[in-house]
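**Q** Everything below, folded, please.
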Amino acid sequence: MNPYPWRSRPLVLLAFGPCKARSLRLNIGTMEYIHGIKIRQIVLILFLTLLLLSAIPVAADSESFQTDTDFAQVEKIRMVYRSNGHWDVYVTVRHNDQGWDHYADRWQVIDEKTGDVLVERILAHPHDNEQPFTRSLSGLVIPEGIRNLRIRSSCPQHGYGGREISIELPTGSIENGYTVNM
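**A** Purely as a prediction, here's the structure:
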């Protein structure tokens, strides 16, 4: 008589819904699947898969930002190429300006790859009754090799965190008057 009767009977595992019982039979006595793969191997494969999946960086959502207008929101940008590598930049910002203590006080053009600030436009006063508002800057020189830019705005109370806009500049020669709108 077998002192461990459960060891001689195959156990059927239905982990992920209905399937053919033959393919998932487990012999408890030998700790092997019928196909010859040991449970330890299966557990190791599952563990390594989970470990690898947890290490894969999730792409940042370019649209994840504070939507509250207490954070300065970049609504649109327009960049116009002028001669000799100079660009005119027009940035439209929306912010819940509330006088001198809380207003959108700047916008920046940043190299998206390195995070370096290429230019910063200081906004000299609140725009309580002018929302959204557009301010420009002329003569921005973008160093060669930089194609991806990010434009962001801030306020003294909340800093950055509102909507930012990313753009990709064209490669090769650019004609005078070429315009990028986002």
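**Q** isn't there a helix covering residue 76?
**A** No. Residue 76: not assigned to a helix; according to DSSP: H, G, I helix; E, B strand; the rest coil it is strand.
**Q** mind showing which ranges of the protein have poor pLDDT?
**A** 1-39, 50-63 (pLDDT under 70).
**Q** try it again with 80
**A** Counting by pLDDT under 80, the chain has low-confidence residues at 1-66, 83-84, 171-174, 176-178, 182.
**Q** All the helices of it, in order from the start?
**A** 39-55 (DSSP state H).
**Q** can you list the domains in it?
**A** Domains of the chain are assigned by automatic domain parsing as 5-55, 73-181.
**Q** What is the end-to-end distance of the longest one?
**A** It refers to domain 73-181. Terminal residues of domain 73-181 lie 16 Å apart, using Cα to Cα, to the nearest Å.
**Q** Tell me which of the domains of the chain sits most buried.
**A** Comparing the domains of the chain by mean neighbour count (mean count of other Cβ atoms under 10 Å), domain 73-181 ranks first with a mean of 16. C-beta coordinates here come from the backbone N, C-alpha and C atoms, glycine included.
**Q** what pairs with the closest residue to residue 181 other than its chain neighbours across the strands?
**A** Excluding the flanking residues, the one nearest residue 181 by Cβ to Cβ, 6 or more residues apart in numbering is residue 78, at 5.2 Å. Beta-bridge pairing of residue 78 under DSSP bridges involves residue 90, residue 181.
**Q** Could you do residue 167 as well?
**A** residue 149.
**Q** so it makes contact with residue 149?
**A** Yes. Look at residue 167 against residue 149 with Cβ atoms under 8 Å: they come within range, at 5.3 Å.
**Q** What distance do you get for residue 48 to residue 126?
**A** 56 Å (Cβ to Cβ, to the nearest Å).
**Q** Sorry, wrong one. I was asking about residue 179.
**A** Relative to residue 126, residue 179 is positioned 29 Å away (Cβ to Cβ).
**Q** Let's see stretch 76-87 as CSV, backbone CA atoms only.
**A** Presented in CSV, the C-alpha positions along stretch 76-87 are these (Å, rounded to 0.1, in the frame of the first residue of the first chain):
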residue,chain,number,x,y,z
LYS,A,76,1.6,76.9,-28.4
ILE,A,77,4.9,77.9,-29.9
ARG,A,78,6.0,79.3,-33.2
MET,A,79,9.6,79.4,-34.3
VAL,A,80,10.7,81.3,-37.4
TYR,A,81,14.1,80.8,-38.9
ARG,A,82,16.0,83.9,-39.9
SER,A,83,19.3,84.3,-41.6
ASN,A,84,22.6,83.1,-40.2
GLY,A,85,21.2,80.5,-37.9
HIS,A,86,19.0,82.8,-35.8
TRP,A,87,15.4,81.9,-34.8
